[in-house]
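Q: I need the structure of the sequence given here:
(2 chains)
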2 protein chains.
Amino acid sequence: MNTNDTDFLADWAVSSGFGAVEGTGGVERQAASEADGQHRRWFAELLEAHGFSVRRDAIGNQFGLLELVPGAPYVLTGSHMDSQPTAGRFDGAYGVMASAHACFRIAEELRASPERARFNLAVVNWFNEEGSRFKPSMMGSSVFTGKLALEEALATTDPAGVTVQHALDALGERGELSELPVASYAEIHVQQGRSMEEDGVTIGLVNATWAAHKFEFRVTGEQAHSGSTLMNERRDALLGASRLIVAARELVDAFDEGALHTACGEISVYPNSPVVVASEVRLLIDLRSPSEAVIRDAYERMMAVVERVSREDRVAIEIVAEHAWDQNPYPEAGVELAREVAEQLGLSHGRVMTVAGHDSTNMKDSVPTIMLFVPSVNGVSHNLHEFTKDEDLLSGLDHLTGVIGRLAAGELVAPAPTPIA
Amino acid sequence: MNTNDTDFLADWAVSSGFGAVEGTGGVERQAASEADGQHRRWFAELLEAHGFSVRRDAIGNQFGLLELVPGAPYVLTGSHMDSQPTAGRFDGAYGVMASAHACFRIAEELRASPERARFNLAVVNWFNEEGSRFKPSMMGSSVFTGKLALEEALATTDPAGVTVQHALDALGERGELSELPVASYAEIHVQQGRSMEEDGVTIGLVNATWAAHKFEFRVTGEQAHSGSTLMNERRDALLGASRLIVAARELVDAFDEGALHTACGEISVYPNSPVVVASEVRLLIDLRSPSEAVIRDAYERMMAVVERVSREDRVAIEIVAEHAWDQNPYPEAGVELAREVAEQLGLSHGRVMTVAGHDSTNMKDSVPTIMLFVPSVNGVSHNLHEFTKDEDLLSGLDHLTGVIGRLAAGELVAPAPTPIA
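A: Residues are numbered from 1 along each chain as shown, chains lettered A, B, ... in the order given. This next block holds a predicted model:
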């Protein structure tokens, strides 16, 4: 193992200690939590120690900037350091740390051969990718790319009523950076799935996101005594919501194995009291598929369930919000560039789709973007026991370094640099 | 309408203003909330204005005592003034106010004819009957009757982590009363159901409680990414819990109409995050029936569901707590005494079972106890729109006054007076 690798693993071990859940290998480091703040301060020092200047924008995205070509746009690379509750240490944080170390290596090369640099280098730690504390997810990159208004994001509250603005200001993590011209973007992440492990692939060349249809439902019934009210007079919002959750799971069986993923991860119940029939339940249901046709079919079936439950259980079911997208490609030129780098390095590689969203999903609509995966043991994700082997972490870092080197040398140029909206 | 009646309705109107939810007729007055504290202070002043001395015990039960026969035990009567969230103004509070006014009337009679008094009079406002903020329900009467340890009750926390002791002390509602010899107990309540209204009955002579089996389940799955994890590898605790909720409702259809009531009113989900398969869900499921045989049959069916869901959805389902009771009679002598009073007053009456628990359910195991109902329009309960007509409130008050008069004159004597445990 060379010095670069041992340096990375040493920093990685320190990084993984922030918000560590003792005895598990996992972390709890939700957006703008105390642990997230400590992690960010340490990360800023790390960037500065390598000659990068640290800046923050108004939504708390944290940037490490290195100007090699005065006035030129930046090759941007990064991911997110926030986590879900009781989650894995790799999800997001690996991408940020690999990006930082890839830039450290490229910076060293370009300082030695400055004539090769066409663009400057920037590392980013996007704010609140997970969306567990503050919704929506991918908040920092959504504001950066102009998909979400800054004011709306800052006013979002967590379950305790704390705003994003208050939480970020308490950590001193909002800043004044208001414009960053970006030439291209690259992100590396652990796969949230096991296909690469099964196929023996070290570098995943992400070529598309799955199609999805996400719902927030509000089920409205009527508050009543849950003991004495006659069963056929009840309008039980929690019963209605439970039927939707069960039906969403049963939808899956109507399609080929693996063709449809459905889930409900979050629900809120009012009044949620032991002897009271619930009057209102809000819940999130997601439908995801690599196939747009499957999503359309599943959507129709879900709407039929909503109609039936509403009628049979005498509850109102309203779609408060929904968000759908088709299968969505990453630019082919980036996939090809990443494939060439993997070939040069002798790393096994394969094209792979991502089921989960990433900050790169936002960035790819604005600038040339490359998304990379390394394998995850058993595909365990959003779980304390998420794990990726050191050798895969290091291969991913080598590969990302190769990609950043080519981007910094001027490949995959954006038609026009994109400033912050 | 006589002065006694107008006095009652005037006080009742004031009482209903504490915690009133504007524009609804209902109240939000959970145990030891600010509104509960204001209500209690006003109620203490009312009792004192009628010559009763106000005392509190260590769990915040509030007593108004009138000693007519020095050293004699007390006829105790009351109910609770706390409410569920966004609930009706009659549930509990009517019983306390009717008890107070019944005692005011009897006190007046006995002050005029002191030779007729055999016992003293006590009104009680039991702490936390509802159990919505602090569990278990019927907390004050459970501690009073020695069914729940004082220390355990005081240490109970609400969802924000506030203990019962802290909440009561903040209101100054814990006191030093440590012993109260009780000769007999009477309670009046609005029916939580519509049978009396349908049968044209004004006074319900409660002769038994329904049988019940209540569960607290913990469903344990495994935290995972709710988008990318393969469906057949998930162990989704919220899916398992939803199947239990649906199954509990479907149990009802296996029995005659009205033979079984089932419900889930409360659920908590971890981590309850949009993109995470839940790892743990706790939920309460109740089975209630007038028939013990139905409860036994329903219990067996529920256990079969638990086994099936656990196996098919690969989740662990544990019974964290369960509490079962058979159909449980009120003493027949009390039912007969109440029937005689109704006859004398010319009030229509009928025997009725209670589905819901009441503080009298605790008291009847310690002392001779009478439980009475007045009708509720459409049986609406635990709902802002709960309603009982003034004429029924006043008939109930007349009836309770008759009952308290006979109890104070020495009927239905306890074998031995019961002090606080």
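
Q: Just the pLDDT for A:Pro274.
A: pLDDT recorded at A:Pro274 is 91.

Q: What distance do you get for it to chain B?
A: 5 Å (Cβ to the nearest Cβ, to the nearest Å). (Glycine included, C-beta is placed from N, CA and C.)

Q: ditto for A:Asp297
A: As judged by Cβ to the nearest Cβ, A:Asp297 and chain B stand 16 Å apart.

Q: where does the most centrally placed residue in chain A fall, phi/psi-wise?
A: Nearest residue to the geometric centre of chain A (Cα atoms, centre = their mean): A:His358, 3.8 Å. Main-chain torsions, A:His358, degrees, to the nearest 10: phi -140, psi 160.

Q: Could you do A:Glu280 as well?
A: Main-chain torsions, A:Glu280, degrees, to the nearest 10: phi -150, psi 130.

Q: Next one: it from chain B, what distance?
A: 10 Å.

Q: next one: A:Glu318
A: According to Cβ to the nearest Cβ, A:Glu318 stands 18 Å off from chain B.

Q: coming back round to it: give the contact list for the residue nearest to the centre of chain A.
A: By Cβ atoms under 8 Å, 6 or more residues apart in numbering or on different chains, A:His358 lies in contact with A:79, A:129, A:138, A:187, A:189, A:371.

Q: can we see that at 6 Å?
A: Shown in contact with A:His358 (Cβ atoms under 6 Å, 6 or more residues apart in numbering or on different chains): A:His189.

Q: pLDDT value on it, please?
A: 96.

Q: Over to A:Val413?
A: pLDDT recorded at A:Val413 is 79.

Q: Okay, and it sits in which element?
A: Using DSSP states H and E, A:Val413 falls within no helix or strand.

Q: and it, how many neighbours does it have?
A: Residues near A:Val413, counting by other Cβ atoms under 10 Å in any protein chain shown, number 15.

Q: Can you tell me the closest non-neighbouring residue to it?
A: Spatial nearest neighbour of A:Val413, chain neighbours left out: A:Ala183 (5.9 Å); criterion: Cβ to Cβ, 6 or more residues apart in numbering or on different chains.

Q: continuing past the helix or strand containing that neighbour, what's the next helix or strand?
A: Assigned by DSSP H and E, A:Ala183 belongs to strand A:182-190. Later in the chain than strand A:182-190, the nearest helix or strand by DSSP H and E is helix A:195-199.

Q: where are the low-confidence patches of chain A?
A: Applying pLDDT under 70 to chain A flags residues A:414-421.

Q: can you list the domains in it?
A: As assigned by automatic domain parsing, chain A contains the domains A:3-210+A:328-408, A:211-325.

Q: Give me the contact list for stretch A:136-143.
A: Residues contacting stretch A:136-143 (Cβ under 6 Å, 6+ apart): A:59, A:61, A:126-131, A:148, A:150, A:153, A:357, A:359, A:362.

Q: give me the subset of those touching chain B.
A: A:Gly131 (Cβ under 6 Å from any Cβ of the partner chain).

Q: Just the buried ones from the contacts of stretch A:136-143?
A: Buried subset of the contacts of stretch A:136-143 (neighbour count, 16 or more other Cβ atoms under 10 Å in any protein chain shown): A:59, A:61, A:126-131, A:148, A:150, A:153, A:357, A:359, A:362.

Q: Nearest to B:Asp297 among the residues you listed?
A: Nearest to B:Asp297 among these, counting by Cβ to Cβ, is A:Gly131 at 45.5 Å.

Q: near chain B, which residues of the stretch 201-350 of chain A?
A: A:223-228, A:231, A:238-239, A:242-243, A:245-246, A:249, A:252, A:263-267, A:269, A:271-274, A:276, A:284, A:288.

Q: taking those one by one, which sit in helices?
A: Counting by DSSP state H, these place A:238-239, A:242-243, A:245-246, A:249 in helices.

Q: Need those in a markdown table (columns: neighbour count).
A: Listed next are those as a markdown table, based on neighbours: other Cβ atoms under 10 Å in any protein chain shown:
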| residue | neighbour count |
| --- | --- |
| A:Leu238 | 31 |
| A:Leu239 | 25 |
| A:Ser242 | 32 |
| A:Arg243 | 25 |
| A:Ile245 | 23 |
| A:Val246 | 19 |
| A:Arg249 | 20 |
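
Q: which of these lies closest to B:Ala408?
A: Using Cβ to Cβ, A:Leu238 is the member of these that lies nearest B:Ala408, at 45.7 Å.

Q: if I look at the residue nearest to the centre of chain A, how far off is A:Ala321?
A: From A:His358 across to A:Ala321, the span is 21 Å (Cβ to Cβ, to the nearest Å).

Q: cool, A:His189 as well?
A: 26 Å.

Q: quick one, which of these two is more surrounded?
A: For A:His189 versus A:Ala321, neighbours defined as other Cβ under 10 Å are more numerous around A:His189 (28 against 13).

Q: which residues sit in contact with the more buried one?
A: A:79, A:95, A:358, A:373.

Q: Figure out the helix or strand that the second one lives in.
A: Going back to what we said before, that points to A:Gly95. Per DSSP H and E: helix A:93-112 holds A:Gly95.

Q: So what touches that helix?
A: Contacts for helix A:93-112 (Cβ under 6 Å, 6+ apart): A:8, A:12, A:15, A:50, A:66, A:68, A:77-79, A:81, A:117, A:121, A:123, A:125, A:187-190, A:396-397, A:400-401, A:404-405, A:408.

Q: Sort out which residues of it are buried, please.
A: Neighbour-count burial for helix A:93-112, counted by 16+ other Cβ under 10 Å, picks out A:93-107, A:110.

Q: next SSE after that helix?
A: Downstream of helix A:93-112, the next assigned helix or strand under DSSP H and E is strand A:120-126.

Q: Report the angle between that following strand and strand A:182-190.
A: Per axes from the mean of the first three to the mean of the last three Cα atoms, to 10 degrees, the angle that strand A:120-126 makes with strand A:182-190 is 50 degrees.

Q: For strand A:120-126, name the packing helices and strands.
A: Using 3 or more Cβ pairs under 6 Å, 6 or more residues apart in numbering or on different chains; DSSP states H and E, the elements in contact with strand A:120-126 are strand A:62-66, strand A:74-80, helix A:93-112.

Q: Off-centre distance for it?
A: Its chain's average C-alpha position is 16 Å from that of strand A:120-126, according to Cα atoms, centre = their mean, to the nearest Å.

Q: cool, and stretch A:201-215?
A: How far stretch A:201-215 lies from its chain's middle: 12 Å, per Cα atoms, centre = their mean.

Q: Dump the C-alpha coordinates for that stretch into PDB.
A: C-alpha atoms of stretch A:201-215 as PDB (Å, rounded to 0.1, in the frame of the first residue of the first chain):
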ATOM      1  CA  VAL A 201     -17.400  -5.500 -10.600                       C
ATOM      2  CA  THR A 202     -15.200  -3.000  -8.800                       C
ATOM      3  CA  ILE A 203     -16.200   0.200 -10.600                       C
ATOM      4  CA  GLY A 204     -19.800   0.800 -11.400                       C
ATOM      5  CA  LEU A 205     -20.300   3.200 -14.300                       C
ATOM      6  CA  VAL A 206     -23.700   4.700 -13.500                       C
ATOM      7  CA  ASN A 207     -25.600   5.200 -16.700                       C
ATOM      8  CA  ALA A 208     -29.200   6.000 -15.500                       C
ATOM      9  CA  THR A 209     -31.500   6.400 -12.500                       C
ATOM     10  CA  TRP A 210     -34.600   4.200 -12.000                       C
ATOM     11  CA  ALA A 211     -38.000   5.700 -12.800                       C
ATOM     12  CA  ALA A 212     -40.100   6.500  -9.700                       C
ATOM     13  CA  HIS A 213     -43.400   7.800  -8.500                       C
ATOM     14  CA  LYS A 214     -43.500   9.100  -4.900                       C
ATOM     15  CA  PHE A 215     -46.600  10.000  -3.000                       C
END
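
Q: Good, we can wrap up now.
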